[in-house]
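Undergrad: Predicted model and sequence below, questions to follow.
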Amino acid sequence: LNAGTKAMADYIKVTANAFSAIAVINASIMALGFLTFGGNSMGIMLNNYSSMDTLATFCRMIMAVNVIGGFPFVFRGCRSEAMVLLNKRQAAKGRPGKVDERKVTKIILGLLVSCSLVLKNAGFVIGFNGAVMGSAIVFIFPALLFLSHLGDVAKKGQLMRSQRLEKWLCRFLVGFGALAVIAGGSVSVLNTFFPHMLM
């Protein structure tokens, strides 16, 4: 996609419409949940409903099926990426060769089971993951990718003045994202384990 072309204009239009629609949908769902239960809303919205509520019980069953059925796919992707990183690390140390897939599987499953035995509140896991990874995905990762691209451009001696400004803006976004990760993660931990400290 080249700047100033119709394809780029269409891409920007579709992207803006998609993000706007997602923002409206998410904001609506959060507002409805909060307006229904107030400040006592739990992290998992279905936990706010009575166990006698037929529709809520049905939704819990569907969520259980979704989690159980989706776990193998998510785990396979996580394991594959972990193996790629470990193989690259071994190659960088001068020890090329594939990492044992069974060992990686046992390590990841062991970590997940250990966490599930310690953390009883799934709402905390969802909230902490959203606070940390949400800020990282929005602020940190895109900025780091663009900084890496600008580094390649600079090596070729093709870095323009406007791109130098973008470089500093990206560095600011990385720093701001790191602060957002720390703040969001800290609030999630305090809200779950030390709620009296937030009062």
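TA: Nice, thanks for sending it over.
Undergrad: make it CA atoms for all contacts and neighbour counts henceforth
TA: OK.
Undergrad: In the chain, which residue sits furthest out from the middle?
TA: Centroid-distance maximum for the chain: G157 at 34.6 Å, with CA atoms, centre = their mean.
Undergrad: can you give me the helices for the protein?
TA: Taking DSSP state H as the test, the helices found in the chain are 6-37, 54-92, 101-118, 122-135, 141-155, 161-193.
Undergrad: Could you point out which of these sits nearest N48?
TA: N48 lies closest to helix 6-37 among the helices of the chain, at 7.4 Å (CA to CA).
Undergrad: buried sites along the closest one?
TA: Within helix 6-37, the residues that qualify as buried are G33, counting by 16 or more other CA atoms under 10 Å.
Undergrad: so where's this structure uncertain?
TA: The model of the chain has pLDDT under 70 over residues 1-4, 43, 92, 94-97, 199.
Undergrad: gap between A27 and G33?
TA: For A27, the distance to G33 equals 10 Å [CA to CA, to the nearest Å].
Undergrad: if we can go back for a sec, what would the helices of the chain look like in CSV with distance to L46?
TA: Listed next are the helices of the chain as CSV, based on distance: least, CA to CA, whole Å:
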stretch, distance to L46
helix 6-37, 10
helix 54-92, 6
helix 101-118, 20
helix 122-135, 11
helix 141-155, 31
helix 161-193, 18
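Undergrad: of all these, which lies closest to I44?
TA: Closest among these, using CA to CA: helix 122-135, at 5.3 Å.
Undergrad: May I see the buried residues of that closest one?
TA: Neighbour-count burial for helix 122-135, counted by 16+ other CA under 10 Å, picks out G123, F124, V125, G127, F128, N129, G130, A131, V132, M133, G134, S135.
Undergrad: what does stretch 187-199 give?
TA: Of the residues in stretch 187-199, V187, S188 count as buried by neighbour count, 16+ other CA under 10 Å.
Undergrad: so what's the residue nearest the centre of the chain up against?
TA: Central residue of the chain (CA atoms, centre = their mean): M133, 3.4 Å from the mean position. Applying CA atoms under 8 Å, 6 or more residues apart in numbering to M133 gives the contacts V181.
Undergrad: what about it, distance to S148?
TA: Noted for M133: a distance of 20 Å to S148, by CA to CA.
Undergrad: cool, and E166?
TA: Distance of E166 to S148, given as CA to CA: 12 Å.
Undergrad: Looking at those two, which is more packed in?
TA: Taking other CA atoms under 10 Å, E166 and S148 do not tie; E166 has more neighbours (16 against 13).
Undergrad: Quick check: the more buried one vs I137, distance?
TA: As judged by CA to CA, E166 and I137 stand 18 Å apart.
Undergrad: which residue sits closest to I182 in space, ignoring its chain neighbours?
TA: Spatial nearest neighbour of I182, excluding adjacent residues (CA to CA, 6 or more residues apart in numbering): V132 at 7.5 Å.
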